[in-house]
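Undergrad: Take this sequence and fold it.
(one chain, ligands or ions: 2)
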Amino acid sequence: MMTEIPAVRGFIRMCTDGWEQGWHERNGGNLTYRMKPEEVEQCRPFFTAPREWNSMGVQADNLKSEYFITTGSGKFLRNVQDDPEHNIGIVEINDTGDSWRIVWGLENGARPTSEFPSHFMNHSVRKAATNGAYRVIYHAHTPSLIAMTYIMPLTARDFTRALWQSATECPVVFPGGVGVVPWMVPGGADIAMATSELMKKYDAAVWAHHGLFVSGPDYDITFGLMHTIEKAAQIYMLAITAGGGKIRQTITDDNLRAIAKEFGVELNEEFLN
Ligand code: 2HA
Ligand code: ZN
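TA: Ligands and ions are numbered 1, 2, ... in the order given. Model (predicted):
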């Protein structure tokens, strides 16, 4: 069965995990995975007759003829586990890198996530930046991080510092920091380009008043990054609220440097004083 293939099973589990965290109200959030050639071959016996090509409005040379597992547009991540065929699917990219067609799932006229252009451009940038290692792009509506976008200056520096200072593990998990996209209309090529520009530098991009995009090599690392950032945001919001807007003490820049040294990671120096 398709759902027994590890790449597909892991994809479904991640949708359920995100739902259980409270990050996917209604049709909120989306997930895509760039398949390995051997995974495509494992899935191919279950492929249905390919449907028509659909142009994306974005293009990437390094994603020509790739296959992606994707959540469906308007679909609820809550429903993926019970009914994968209607809520997720596999798409093939054409040999010019600007169109997709469905080869499995997304039954009854469903389409890939409305954020497919953003996912696609982020995949292109992260694939190039990591020599092909990165395969997962994940978008979620993480409440505490969204709340932070109402009270903090919308800069990479302000968000990165606040998050690094909110849990000792953070500088180890995302030493490069996080980027911030100002409020933009979701779903189109403009927000896709703005996000992928930041993804050249960062594994994670905050969407102001909307949520978070993260990238990674596999489901565990990518889900873990989303989870770590959202938990840090939750701690930050708890502390700032309990303190009446005042933080009495925090992890210092020297502390951050000491963690980096001990754990052998290189912190983005731009964000240190
Ligand atoms: O899938 O989250 O950003 C719905 C969304 C759009
Ligand atoms: Zn969203």
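Undergrad: which ones are touching residue 122?
TA: Going by C-beta atoms under 8 Å, 6 or more residues apart in numbering, residue 122 touches 137, 192, 195, 196, 199, 213, 215. For every residue, glycine as well, the C-beta is placed using N, CA and C.
Undergrad: switch the cut-off to 6 Å
TA: 137, 196, 199 (C-beta atoms under 6 Å, 6 or more residues apart in numbering).
Undergrad: Among these, which lie within helices?
TA: Counting by DSSP state H, the part of these found in helices is 196, 199.
Undergrad: pLDDT value on residue 50, please?
TA: Here the pLDDT value assigned to residue 50 is 85.
Undergrad: Make TSV out of the contacts of residue 122 and add pLDDT.
TA: Listed next are the contacts of residue 122 as TSV, based on pLDDT from 0 to 100:
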residue	pLDDT
137	98
196	96
199	97
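Undergrad: Give me the buried entries from the contacts of residue 122.
TA: 137, 196, 199 (16 or more other C-beta atoms under 10 Å).
Undergrad: neighbours around the residue in the stretch 101-250 of the chain that ligand 1 sits nearest to, how many?
TA: Across the stretch 101-250 of the chain, the shortest distance to ligand 1 (C-beta to the nearest ligand atom) belongs to residue 186, at 4.1 Å. For residue 186, the count of nearby residues is 15 (other C-beta atoms under 10 Å).
Undergrad: Please, which helix or strand holds residue 256?
TA: helix 253-263 (DSSP states H and E).
Undergrad: which phi and psi does residue 17 have?
TA: Phi and psi for residue 17, reported as degrees, to the nearest 10, are phi -60, psi -40.
Undergrad: So which bits of the protein are right by ligand 1?
TA: 27, 28, 29, 30, 113, 114, 115, 139, 186 (C-beta under 6 Å from any ligand atom).
Undergrad: Please verify my assumption that the first one contacts residue 76.
TA: Okay, so that is residue 27. Yes - assessed by C-beta atoms under 6 Å, residue 27 is found in contact with residue 76 at 5.5 Å.
Undergrad: Now list whatever residues contact both of the two.
TA: By C-beta under 6 Å, 6+ apart, residue 27 and residue 76 have no common neighbours.
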